[in-house]
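J.: have a look at this prediction, sequence included:
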Amino acid sequence: MSSVSEGRFRSSSVPLITPGPLRTTLRTDDGVHIEAVYQPCTADAGAAAETSFDSTAIVVAHGFTGAVDRPAVRRAAGVFAQRAAVITFSFRGHGGSGGRSTVGDREVLDLAAAVEWARALGHRRIVTVGFSMGGSVVLRHGALYAGRSTAGAEAGGVAEREGRIEARNEAHADAVVAVSAPARWYYRGTAPMRRLHWVVTRPVGRLVGRYGFRTRIDRNEWNPVPLAPVQAAGLIAPAPLLIVHGDQDPYFPLDHPRMLADAAGDGAELWLERGMGHAENAADENLLTRIGDWAVAR
(Lines give C-alpha, C1' and ligand atoms only; values in the text may rest on other atoms or scores of the structure.)
Protein backbone atom coordinates (compact mmCIF):
# COMPACT_ATOMS: atom_id res chain seq x y z
CA MET A 1 0.00 0.00 0.00
CA SER A 2 1.30 3.41 -0.80
CA SER A 3 2.24 5.54 2.19
CA VAL A 4 -0.21 8.21 1.09
CA SER A 5 -3.13 5.97 0.26
CA GLU A 6 -6.51 6.36 1.92
CA GLY A 7 -6.57 4.94 5.41
CA ARG A 8 -2.78 5.02 5.90
CA PHE A 9 -2.75 8.48 7.48
CA ARG A 10 -6.06 9.72 8.85
CA SER A 11 -6.74 13.40 8.17
CA SER A 12 -3.23 13.91 6.78
CA SER A 13 -4.00 15.20 3.27
CA VAL A 14 -2.72 18.71 3.94
CA PRO A 15 -0.18 21.00 2.28
CA LEU A 16 3.32 21.15 3.69
CA ILE A 17 2.88 24.62 5.19
CA THR A 18 0.06 24.61 7.72
CA PRO A 19 -1.11 27.50 9.94
CA GLY A 20 -0.51 25.57 13.12
CA PRO A 21 0.02 22.09 14.61
CA LEU A 22 -1.80 19.23 12.91
CA ARG A 23 -2.93 16.21 14.93
CA THR A 24 -3.61 12.92 13.18
CA THR A 25 -3.71 9.15 13.62
CA LEU A 26 -1.17 6.94 11.84
CA ARG A 27 -1.51 3.23 11.17
CA THR A 28 1.59 1.07 11.51
CA ASP A 29 2.46 -1.90 9.32
CA ASP A 30 1.07 -4.24 11.99
CA GLY A 31 -2.20 -2.31 12.26
CA VAL A 32 -1.67 -0.29 15.47
CA HIS A 33 -3.11 3.24 15.53
CA ILE A 34 -0.60 5.86 16.68
CA GLU A 35 -1.41 9.45 17.67
CA ALA A 36 0.89 12.02 16.09
CA VAL A 37 1.31 15.80 15.89
CA TYR A 38 2.91 17.82 13.08
CA GLN A 39 4.34 21.20 14.07
CA PRO A 40 5.50 23.49 11.22
CA CYS A 41 8.83 25.27 11.43
CA THR A 42 8.43 28.53 13.33
CA ALA A 43 11.54 30.20 11.88
CA ASP A 44 11.08 33.57 10.22
CA ALA A 45 10.21 33.37 6.54
CA GLY A 46 13.16 34.07 4.28
CA ALA A 47 15.73 32.63 1.98
CA ALA A 48 17.32 30.50 4.69
CA ALA A 49 14.00 28.93 5.62
CA GLU A 50 13.15 28.25 2.02
CA THR A 51 16.45 26.50 1.33
CA SER A 52 16.95 24.66 4.63
CA PHE A 53 13.97 24.46 6.93
CA ASP A 54 11.22 23.52 4.50
CA SER A 55 13.08 20.42 3.33
CA THR A 56 13.85 19.04 6.81
CA ALA A 57 11.61 17.45 9.42
CA ILE A 58 12.70 16.20 12.84
CA VAL A 59 10.80 13.17 14.15
CA VAL A 60 10.97 12.88 17.95
CA ALA A 61 10.79 9.47 19.67
CA HIS A 62 10.09 9.79 23.41
CA GLY A 63 11.28 7.61 26.26
CA PHE A 64 9.43 4.83 28.10
CA THR A 65 6.30 6.19 29.90
CA GLY A 66 6.45 9.37 27.80
CA ALA A 67 3.79 10.55 25.32
CA VAL A 68 3.19 13.19 22.69
CA ASP A 69 1.56 15.63 25.14
CA ARG A 70 4.05 15.28 28.00
CA PRO A 71 5.67 18.63 28.88
CA ALA A 72 9.22 17.46 28.18
CA VAL A 73 8.25 16.23 24.71
CA ARG A 74 6.39 19.44 23.88
CA ARG A 75 9.34 21.50 25.14
CA ALA A 76 11.75 19.59 22.88
CA ALA A 77 9.37 19.97 19.93
CA GLY A 78 9.13 23.71 20.53
CA VAL A 79 12.90 24.16 20.45
CA PHE A 80 13.37 21.95 17.40
CA ALA A 81 10.54 23.76 15.56
CA GLN A 82 12.65 26.92 15.58
CA ARG A 83 14.88 25.14 13.07
CA ALA A 84 12.74 22.59 11.23
CA ALA A 85 9.28 21.09 11.10
CA VAL A 86 8.70 18.57 13.89
CA ILE A 87 6.64 15.40 14.20
CA THR A 88 5.98 13.99 17.65
CA PHE A 89 3.98 10.85 18.40
CA SER A 90 3.10 8.46 21.21
CA PHE A 91 4.59 4.99 20.99
CA ARG A 92 2.14 2.09 21.16
CA GLY A 93 0.81 1.58 24.67
CA HIS A 94 1.51 5.22 25.54
CA GLY A 95 -0.79 8.25 25.59
CA GLY A 96 -3.66 8.02 23.12
CA SER A 97 -2.01 5.41 20.89
CA GLY A 98 -3.35 1.88 20.65
CA GLY A 99 -1.63 -1.40 21.38
CA ARG A 100 0.77 -2.28 24.15
CA SER A 101 4.36 -1.27 24.70
CA THR A 102 7.00 -3.83 23.73
CA VAL A 103 9.68 -1.61 25.29
CA GLY A 104 11.66 -0.97 22.12
CA ASP A 105 10.86 -3.93 19.89
CA ARG A 106 7.85 -3.29 17.65
CA GLU A 107 8.10 0.43 18.38
CA VAL A 108 10.34 0.62 15.32
CA LEU A 109 7.14 0.26 13.28
CA ASP A 110 5.65 3.30 15.04
CA LEU A 111 8.69 5.39 14.16
CA ALA A 112 8.61 4.17 10.56
CA ALA A 113 4.98 5.30 10.24
CA ALA A 114 5.90 8.77 11.54
CA VAL A 115 8.82 9.06 9.10
CA GLU A 116 6.60 8.00 6.22
CA TRP A 117 4.06 10.65 7.22
CA ALA A 118 6.79 13.30 7.18
CA ARG A 119 7.73 12.30 3.64
CA ALA A 120 4.07 12.21 2.59
CA LEU A 121 3.78 15.82 3.77
CA GLY A 122 6.57 16.74 1.37
CA HIS A 123 9.71 16.75 3.50
CA ARG A 124 12.74 15.52 1.60
CA ARG A 125 15.09 15.09 4.56
CA ILE A 126 14.16 13.41 7.86
CA VAL A 127 16.18 13.39 11.08
CA THR A 128 15.09 11.07 13.89
CA VAL A 129 15.81 12.12 17.49
CA GLY A 130 15.17 9.51 20.17
CA PHE A 131 15.41 9.65 23.96
CA SER A 132 16.19 6.59 26.14
CA MET A 133 13.90 3.82 24.81
CA GLY A 134 13.27 6.11 21.85
CA GLY A 135 17.05 6.33 21.41
CA SER A 136 17.29 2.56 21.05
CA VAL A 137 14.40 2.69 18.58
CA VAL A 138 15.97 5.35 16.34
CA LEU A 139 19.22 3.35 16.26
CA ARG A 140 17.47 0.17 15.25
CA HIS A 141 15.25 2.01 12.78
CA GLY A 142 18.35 3.62 11.25
CA ALA A 143 19.84 0.19 10.66
CA LEU A 144 16.74 -1.61 9.43
CA TYR A 145 15.30 1.17 7.26
CA ALA A 146 18.49 1.97 5.42
CA GLY A 147 16.93 3.44 2.28
CA ARG A 148 19.38 3.67 -0.61
CA SER A 149 22.47 3.67 1.57
CA THR A 150 25.31 1.20 1.16
CA ALA A 151 24.14 -0.45 4.39
CA GLY A 152 20.87 -1.38 2.72
CA ALA A 153 21.75 -4.95 1.73
CA GLU A 154 23.19 -5.83 5.13
CA ALA A 155 20.35 -4.12 7.01
CA GLY A 156 17.85 -5.88 4.77
CA GLY A 157 19.40 -9.20 5.79
CA VAL A 158 19.02 -8.28 9.45
CA ALA A 159 15.41 -7.29 8.81
CA GLU A 160 14.72 -10.61 7.13
CA ARG A 161 16.23 -12.52 10.04
CA GLU A 162 14.03 -10.59 12.44
CA GLY A 163 11.08 -11.75 10.39
CA ARG A 164 9.00 -8.61 10.54
CA ILE A 165 10.58 -5.53 8.96
CA GLU A 166 10.82 -4.59 5.29
CA ALA A 167 13.15 -1.65 4.73
CA ARG A 168 11.40 0.84 2.43
CA ASN A 169 12.95 3.96 0.97
CA GLU A 170 10.10 6.21 2.17
CA ALA A 171 10.59 5.11 5.80
CA HIS A 172 14.33 5.72 6.14
CA ALA A 173 16.00 8.47 8.17
CA ASP A 174 18.69 10.69 6.66
CA ALA A 175 20.36 11.34 10.03
CA VAL A 176 19.94 9.87 13.52
CA VAL A 177 20.29 11.31 17.04
CA ALA A 178 20.22 8.97 20.06
CA VAL A 179 20.01 10.64 23.49
CA SER A 180 20.49 8.61 26.71
CA ALA A 181 20.20 5.36 24.75
CA PRO A 182 21.23 1.95 26.07
CA ALA A 183 23.88 -0.02 24.20
CA ARG A 184 22.60 -3.47 25.14
CA TRP A 185 19.37 -5.14 26.17
CA TYR A 186 18.49 -6.57 29.61
CA TYR A 187 20.80 -4.17 31.45
CA ARG A 188 20.20 -4.25 35.22
CA GLY A 189 23.34 -2.55 36.49
CA THR A 190 21.60 0.42 38.13
CA ALA A 191 18.73 0.66 40.61
CA PRO A 192 16.43 2.55 38.17
CA MET A 193 16.89 -0.18 35.56
CA ARG A 194 16.15 -2.90 38.09
CA ARG A 195 12.93 -1.10 38.99
CA LEU A 196 12.07 -0.75 35.29
CA HIS A 197 12.57 -4.49 34.73
CA TRP A 198 10.24 -5.17 37.65
CA VAL A 199 7.58 -2.96 36.07
CA VAL A 200 7.94 -4.67 32.69
CA THR A 201 8.27 -8.32 33.72
CA ARG A 202 5.97 -8.70 36.73
CA PRO A 203 2.15 -8.72 36.60
CA VAL A 204 1.97 -6.32 39.55
CA GLY A 205 4.61 -4.15 37.90
CA ARG A 206 2.57 -3.95 34.70
CA LEU A 207 -0.41 -2.81 36.76
CA VAL A 208 1.78 -0.08 38.23
CA GLY A 209 2.82 0.84 34.70
CA ARG A 210 -0.77 1.00 33.51
CA TYR A 211 -2.30 2.97 36.35
CA GLY A 212 0.73 4.77 37.78
CA PHE A 213 2.52 5.72 34.56
CA ARG A 214 -0.38 5.41 32.06
CA THR A 215 1.67 2.91 30.03
CA ARG A 216 0.15 -0.35 28.82
CA ILE A 217 2.86 -3.02 28.63
CA ASP A 218 2.78 -6.24 26.62
CA ARG A 219 3.26 -9.29 28.83
CA ASN A 220 4.95 -11.42 26.13
CA GLU A 221 8.71 -11.81 25.95
CA TRP A 222 10.59 -10.77 22.81
CA ASN A 223 10.61 -13.46 20.13
CA PRO A 224 12.95 -13.07 18.37
CA VAL A 225 15.15 -10.77 20.42
CA PRO A 226 15.51 -7.56 18.36
CA LEU A 227 18.78 -6.23 17.03
CA ALA A 228 20.76 -4.74 19.94
CA PRO A 229 21.42 -0.98 19.82
CA VAL A 230 25.19 -1.53 19.72
CA GLN A 231 24.76 -3.79 16.68
CA ALA A 232 22.43 -1.29 15.02
CA ALA A 233 24.88 1.58 15.52
CA GLY A 234 27.36 -0.11 13.23
CA LEU A 235 24.80 -0.36 10.39
CA ILE A 236 23.62 3.26 10.20
CA ALA A 237 26.50 4.73 8.17
CA PRO A 238 26.73 6.51 5.80
CA ALA A 239 23.82 8.36 7.45
CA PRO A 240 25.23 10.74 10.14
CA LEU A 241 24.78 9.59 13.74
CA LEU A 242 24.94 11.72 16.89
CA ILE A 243 25.12 10.04 20.31
CA VAL A 244 24.33 12.26 23.32
CA HIS A 245 24.64 11.12 26.93
CA GLY A 246 24.79 12.74 30.35
CA ASP A 247 27.59 11.97 32.78
CA GLN A 248 25.02 11.94 35.60
CA ASP A 249 22.60 9.53 33.89
CA PRO A 250 21.14 7.32 36.66
CA TYR A 251 19.96 4.63 34.22
CA PHE A 252 22.88 3.96 31.85
CA PRO A 253 26.52 4.73 32.76
CA LEU A 254 29.02 6.10 30.26
CA ASP A 255 30.12 2.71 28.96
CA HIS A 256 26.83 2.62 27.01
CA PRO A 257 27.41 5.69 24.80
CA ARG A 258 31.05 4.78 24.38
CA MET A 259 30.13 1.29 23.17
CA LEU A 260 27.70 2.83 20.68
CA ALA A 261 30.29 5.29 19.40
CA ASP A 262 32.94 2.57 19.08
CA ALA A 263 30.53 0.37 17.12
CA ALA A 264 29.63 3.23 14.77
CA GLY A 265 33.27 4.21 14.21
CA ASP A 266 33.93 7.29 12.12
CA GLY A 267 30.23 7.54 11.24
CA ALA A 268 29.27 8.94 14.66
CA GLU A 269 29.78 11.96 16.90
CA LEU A 270 29.71 11.52 20.68
CA TRP A 271 28.66 14.31 23.04
CA LEU A 272 29.15 13.58 26.74
CA GLU A 273 27.19 16.25 28.60
CA ARG A 274 28.50 17.37 31.98
CA GLY A 275 25.88 17.35 34.74
CA MET A 276 23.10 15.97 32.54
CA GLY A 277 20.75 13.29 33.83
CA HIS A 278 18.49 11.09 31.73
CA ALA A 279 16.59 11.60 28.48
CA GLU A 280 14.13 14.34 27.52
CA ASN A 281 13.39 15.39 31.08
CA ALA A 282 17.08 16.26 31.58
CA ALA A 283 17.70 17.90 28.19
CA ASP A 284 17.77 21.66 28.72
CA GLU A 285 17.08 24.29 26.08
CA ASN A 286 20.75 24.80 25.33
CA LEU A 287 21.29 21.12 24.54
CA LEU A 288 18.09 20.88 22.52
CA THR A 289 19.17 23.92 20.52
CA ARG A 290 22.53 22.33 19.76
CA ILE A 291 20.83 19.09 18.71
CA GLY A 292 18.48 21.03 16.46
CA ASP A 293 21.39 22.90 14.90
CA TRP A 294 23.20 19.59 14.26
CA ALA A 295 20.07 18.09 12.71
CA VAL A 296 19.58 20.83 10.12
CA ALA A 297 23.31 21.18 9.38
CA ARG A 298 23.98 17.51 8.60
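T.: Structure received.

J.: centre-most residue in this structure?
T.: By C-alpha atoms, centre = their mean, the mean C-alpha position of the chain lies nearest to residue 61, the distance being 3.1 Å.

J.: any idea how many residues pack against residue 297?
T.: Residues near residue 297, counting by other C-beta atoms under 10 Å, number 11. No exception for glycine: its C-beta is placed from N, CA and C like everyone else's.

J.: for residue 287, see how far away it is.
T.: Here residue 297 is placed at a distance of 16 Å from residue 287 (C-beta to C-beta, to the nearest Å).

J.: tell me what the residue nearest to the centre of the chain is bridged to.
T.: Beta-bridge partners for residue 61, by DSSP bridges, are residue 130.

J.: how about the strands of the protein, start to end?
T.: 9-10, 22-27, 33-39, 56-61, 85-89, 125-131, 175-179, 241-246, 268-273 (DSSP state E).

J.: quick one, which of these gets closest to residue 73.
T.: strand 85-89 (5.7 Å; C-beta to C-beta).

J.: report the rounded mean pLDDT for that closest one.
T.: In this model, strand 85-89 carries a mean pLDDT of 97.

J.: which strands and helices sit next to that strand?
T.: Here strand 85-89 touches strand 33-39, strand 56-61, helix 71-80, helix 107-120, going by 3 or more C-beta pairs under 8 Å, 6 or more residues apart in numbering; DSSP states H and E.

J.: what is the mean pLDDT for the second one?
T.: Translated: strand 56-61. Strand 56-61 shows a mean pLDDT of 97.

J.: which outside residues touch that strand?
T.: 73, 76-77, 80, 83-89, 91, 107, 111, 114-115, 118, 121, 123-131, 134-135, 137-138, 173, 292, 295-296 (C-beta atoms under 8 Å, 6 or more residues apart in numbering).

J.: dump the strands of the chain to CSV, plus distance to residue 67.
T.: Formatted as CSV, the strands of the chain follow (distance: least, C-beta to C-beta, whole Å):
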stretch, distance to residue 67
strand 9-10, 18
strand 22-27, 13
strand 33-39, 8
strand 56-61, 11
strand 85-89, 9
strand 125-131, 12
strand 175-179, 17
strand 241-246, 21
strand 268-273, 24
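
J.: by mean pLDDT, show me the worst of those.
T.: Among the strands of the chain, strand 9-10 has the lowest mean pLDDT, at a mean of 54.

J.: now do stretch 64-72: distance from first to last residue.
T.: Terminal residues of stretch 64-72 lie 13 Å apart, using C-alpha to C-alpha, to the nearest Å.

J.: how far does that stretch sit from the chain's center?
T.: Computed by C-alpha atoms, centre = their mean, to the nearest Å, the chain-centroid distance of stretch 64-72 equals 13 Å.

J.: buried sites along stretch 98-116?
T.: Buried residues in stretch 98-116, counted by 16 or more other C-beta atoms under 10 Å: 98-116.

J.: start to end distance for it?
T.: Note: stretch 98-116 ends 19 Å apart using C-alpha to C-alpha.

J.: ok, the closest residue to residue 60 other than its chain neighbours to residue 175 distance?
T.: Once flanking residues are discounted, residue 60 sits nearest to residue 88: 4.7 Å by C-beta to C-beta, 6 or more residues apart in numbering. To residue 175, residue 88 is 17 Å away according to C-beta to C-beta.
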